[in-house]
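A.B. asks: The sequence isn't on hand, but the structure is:
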């Protein structure tokens, strides 16, 4: 499967709040993802919008799969994560209704782009 991805130019932070934390005020910026699970409240946002009191893993960049993608499409994340795993690039994946986002550490962006291009994907914005 050949995909087209765009590397976003800004840095993101992956944040963790306690499971019972109040829903955070919406951070500003172009991207926000909030997920409440049994043991945590996770927020992914631009580094300048981190919620107060959060444990933070900063220094991520997003590679957005150009969508929208139909729910019936199989193997999207696998076709991205496999070449990145082979290149030793850790990922953090977020899926939305329309598409998928693969986050890689800022220091790994060039290596990630090279691995994805070698796997036949189109990557812009790098």
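C.D. replies: Sure thing, it's come through. Keep in mind that what you see is a predicted model, and the values were worked out from it rather than measured. Residues are numbered from 1 along each chain as shown.
A.B. asks: which stretches of this protein form strands?
C.D. replies: Assigned by DSSP state E, the strands in the chain fall at 4-7, 12-17, 32-37, 40-46, 55-65, 92-95, 100-105, 122-124.
A.B. asks: and the first one, what other elements does it pack with?
C.D. replies: If I follow you right, that is strand 4-7. Here strand 4-7 touches strand 55-65, helix 109-118, strand 122-124, going by 3 or more Cβ pairs under 8 Å, 6 or more residues apart in numbering; DSSP states H and E. Placement of C-beta: from N, CA and C, glycine included.
A.B. asks: Out of the strands of the chain, which is closest to residue 71?
C.D. replies: strand 92-95 (10.3 Å; Cβ to Cβ).
A.B. asks: Only the buried residues of the closest one, if you could.
C.D. replies: Neighbour counts over strand 92-95 (16 or more other Cβ atoms under 10 Å) mark 92, 94 as buried.
A.B. asks: Within its sheet, name the partner strands of it and how each one runs.
C.D. replies: Paired neighbours of strand 92-95 in the sheet (DSSP bridges): strand 100-105 (antiparallel).
A.B. asks: got the contact list for the partner strand?
C.D. replies: Residues from elsewhere that reach strand 100-105 (Cβ atoms under 8 Å, 6 or more residues apart in numbering): 5, 12, 14, 31, 44, 59-65, 67, 69, 76-77, 80-81, 84, 89-95, 112.
A.B. asks: Tell me which residues touch residue 6, please.
C.D. replies: Residue 6 is in contact with 63-64, 66, 123-125, counting by Cβ under 8 Å, 6+ apart.
A.B. asks: ok, of those, which come out buried?
C.D. replies: By 16+ other Cβ under 10 Å, the contacts of residue 6 give 63-64, 123 as buried.
A.B. asks: Now tabulate these in CSV and tack on distance to residue 106 and pLDDT.
C.D. replies: Below are these laid out as CSV (distance: Cβ to Cβ, whole Å; pLDDT from 0 to 100):
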residue, distance to residue 106, pLDDT
63, 12, 98
64, 16, 98
123, 16, 98
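A.B. asks: hang on, the earlier thing: mind checking which of the strands of the chain is nearest residue 24?
C.D. replies: strand 40-46 (5.9 Å).
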